[in-house]
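Novice: what's the 3D shape of this:
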Amino acid sequence: MTPVRISIVVFLLSLLITQVIAFKIAGTEKANEQLLVEQEAVNVKTKLLESLNHSITATRILAYLMENDLVDENFTSVSRELVAQNPFIDALQYVVGSSIVDTYPREGNEPTIGYRVMEQRSHKQGAMKALERGDLYFEGPIELIQGGIGVVGRYPVIKNGDLYGFSAVVIHLETIYSALSLDSSGITGRFIYQIYKQEDGSPIPFFTNDELFESGLVHSGFIPLGNWNINVKLSNPSYLWQGLVISGAGLLFSLLLALFVAYLASEPKRLQELVDKKTSDLEKSKIQLEDYNTRLRQSNSELENFTRTISQDLQEPLRMISSFMRQLKKKYGDTLDGKAHTYIDYAMDGAENMRLIILDLLVYSKIGQNMDQRKSVDLNRLVGNLEIELKKIISENNASITYPDLPEIYGLEYEIHLLFQNLITNALRYRHPDRSPEIAISQNGTDSVWKFGIADNGIGINGEHFEKIFQVFQRLHTEGNYRGTGLGLAICKKIVEQHSGNIWVESEPGKGSTFYFTLKKEAGAGQG
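Specialist: Okay, here's the model as predicted:
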């Protein structure tokens, strides 16, 4: 087989393996982001229902007064008390027959007095739905006759077996926005929201955005109290971008590997056995990969074994490259020129760097897979163990690590260990050349989250790179100055987000950096 054909075969096989990994990582990220959308939809629905519960109580109290002929003398005083106690109610009304008899507060709502609800088709339909339900039902959003846009909830009042009228509640859209902690656009930094009637005839949505919810990462909920559909959409999904980044890295690696194999194949016959052996191994890897893909489709429980095997298959050719390069250098070192020695060294360094990248990619892809195995983690013990593990590099750099009494948190111990290990190792790696590393760990928190800081006195980071450093394969320094895979901080970010937290950095070049991250407090964690 000619060198060109050999390099094409190597390129295609290597590309297949790396693209499978990229596809799986993108799929995992998509599932995680879809779960975030579903959780946010539940959260919005819960907030809206909690705010509407005040209306249920208020209308039932008014209905009781109407049923017992107590409303005329008590409407103003009772309504004043109900509105004062319930921040998510703007006005109360009682309707006898089809006419609005009184409204509280009257100021600003005078046009509603005497208004005949049943003479307007859409209002009549809403009132009849309330009667059909035998319970509170909301109409709207609609343009209110007293001005503005809002929803009107009506509770039917039955006396002597006949419809006597309605107790009603008015809620402006601005009040609903406040209950949902949103503005009129229904757009936040991460999500887009929309609420609208399920049936036709109510064109006014709750929010002013015109987003389409037929595609993308979307989740919907339904509230029968007003026949409302709640839609939540992730505004900027990142799973495709991450998959493309990893896919591009795999393409680049496959191309470089193919070029290197082509170079080896063009050497004299003494290198032919190495090329043949590598080609054979790649053919075996293809067969193994097909078997792994079949097993992956059969059960999610086989995912971890599949990933581990892929790691071995990718690393084996790299180990062979390093091994044969060492043998080549040892056996033919005296006969090769300086350029050949340089190529051999480049190949060995490239194989080792790719092996580390593969290991970090696998770690990155597995993060968050075993969240059901979370438990209480003693951070004092965890950091103490890290000091032992890093004792040699701490001693070589004359570094110091200080920390207060740390709490117990609830999470995956291996991932929390990896989070602290990566941040402390970075602080040692990017030390300032003129001073010994000083690393200080701090902690404080609120009722719901822990906030940790890991500060150093190293070389620091320019502000324009604060977000870039947490992305996959983003490095600020050349390999010759600082070794690394460009995945350490991306792994940290994913660990923190899987534990419902955030991570960020504050830094000034030449003066050091502080990496902050939060972890959600949950049942099972203790106070340090």
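
Novice: which residues of the stretch 1-150 of the chain fall in strands?
Specialist: Per DSSP state E, counting those that start in this stretch, the stretch 1-150 of the chain carries strands over the ranges 91-96, 99-104, 137-143, 149-159.

Novice: winner for burial among these?
Specialist: strand 91-96 (a mean of 23; mean count of other Cβ atoms under 10 Å). Bear in mind the C-beta positions are built from the backbone N, C-alpha and C, glycine included.

Novice: from the chain's centroid, how far away is that one?
Specialist: 45 Å (Cα atoms, centre = their mean, to the nearest Å).

Novice: what average pLDDT does it get?
Specialist: Averaging pLDDT along strand 91-96 gives 94.

Novice: give me the contacts around the helix or strand harbouring E174.
Specialist: With secondary structure defined by DSSP states H and E, E174 is part of helix 173-180. If you take Cβ atoms under 8 Å, 6 or more residues apart in numbering as the criterion, helix 173-180 is touched by 44, 47-48, 50-51, 87-90, 141, 148-151, 183-184, 193, 206.

Novice: let me see the mean pLDDT of that helix.
Specialist: In this model, helix 173-180 has a mean pLDDT of 93.

Novice: how about stretch 281-289?
Specialist: Here the average pLDDT along stretch 281-289 is 71.

Novice: picking up where we left off before, the helix holding E174 versus strand 149-159: what angle between them?
Specialist: With axes from the mean of the first three to the mean of the last three Cα atoms, to 10 degrees defining the directions, helix 173-180 sits at 90 degrees from strand 149-159.

Novice: C-alpha coordinates for the helix or strand just after helix 173-180, PDB please?
Specialist: Using DSSP H and E, the next helix or strand after helix 173-180 towards the C-terminus is strand 191-197. C-alpha atoms of strand 191-197 as PDB (Å, rounded to 0.1, in the frame of the first residue of the first chain):
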ATOM      1  CA  PHE A 191     -34.100  31.800  29.000                       C
ATOM      2  CA  ILE A 192     -37.100  33.100  27.000                       C
ATOM      3  CA  TYR A 193     -40.600  32.900  28.400                       C
ATOM      4  CA  GLN A 194     -44.100  33.100  27.000                       C
ATOM      5  CA  ILE A 195     -47.600  32.400  28.400                       C
ATOM      6  CA  TYR A 196     -50.800  32.500  26.300                       C
ATOM      7  CA  LYS A 197     -54.300  31.000  26.200                       C
END
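
Novice: angle of the helix or strand that strand 191-197 is followed by against strand 191-197?
Specialist: Downstream of strand 191-197, the next assigned helix or strand under DSSP H and E is strand 218-223. Orientation check (the same axes, to 10 degrees): strand 218-223 against strand 191-197 gives 40 degrees.

Novice: returning to what we had before: of the strands of the stretch 1-150 of the chain, which is nearest T59?
Specialist: Taking Cβ to Cβ, strand 149-159 is the member of those nearest to T59, at 3.7 Å.

Novice: now that closest one, how far from the centre of its chain.
Specialist: How far strand 149-159 lies from its chain's middle: 40 Å, per Cα atoms, centre = their mean.

Novice: in its sheet, what does that strand sit against?
Specialist: Using DSSP bridges, the strands paired with strand 149-159 are strand 137-143 (antiparallel), strand 162-172 (antiparallel).

Novice: just the buried subset of the contacts of helix 173-180, please.
Specialist: 44, 48, 51, 88-90, 141, 150-151, 193, 206 (16 or more other Cβ atoms under 10 Å).

Novice: how about G150, nearest residue that isn't a chain neighbour?
Specialist: Of all residues not flanking G150 in the chain, H172 sits nearest, at 4.2 Å (Cβ to Cβ, 6 or more residues apart in numbering).

Novice: need the strands paired with strand 149-159 in JSON lines with distance to S376, can you?
Specialist: Putting these into JSON lines (distance: least, Cβ to Cβ, whole Å) gives the following:
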{"stretch": "strand 137-143", "distance to S376": "45"}
{"stretch": "strand 162-172", "distance to S376": "44"}
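
Novice: would you single out the least confident of the ones you listed?
Specialist: strand 137-143 (a mean of 90).

Novice: okay, that one in PDB with CA atoms only?
Specialist: Below are the C-alpha coordinates for strand 137-143, written out as PDB (Å, rounded to 0.1, in the frame of the first residue of the first chain):
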ATOM      1  CA  TYR A 137     -61.400  30.800  36.200                       C
ATOM      2  CA  PHE A 138     -59.200  33.600  34.700                       C
ATOM      3  CA  GLU A 139     -60.000  35.400  31.400                       C
ATOM      4  CA  GLY A 140     -57.200  37.200  29.600                       C
ATOM      5  CA  PRO A 141     -54.800  38.800  29.200                       C
ATOM      6  CA  ILE A 142     -57.300  41.400  28.000                       C
ATOM      7  CA  GLU A 143     -57.500  45.200  27.700                       C
END
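
Novice: I figured A347 hits M325, correct?
Specialist: Yes: here A347 reaches M325: they are 5.3 Å apart, a contact under Cβ atoms under 8 Å.
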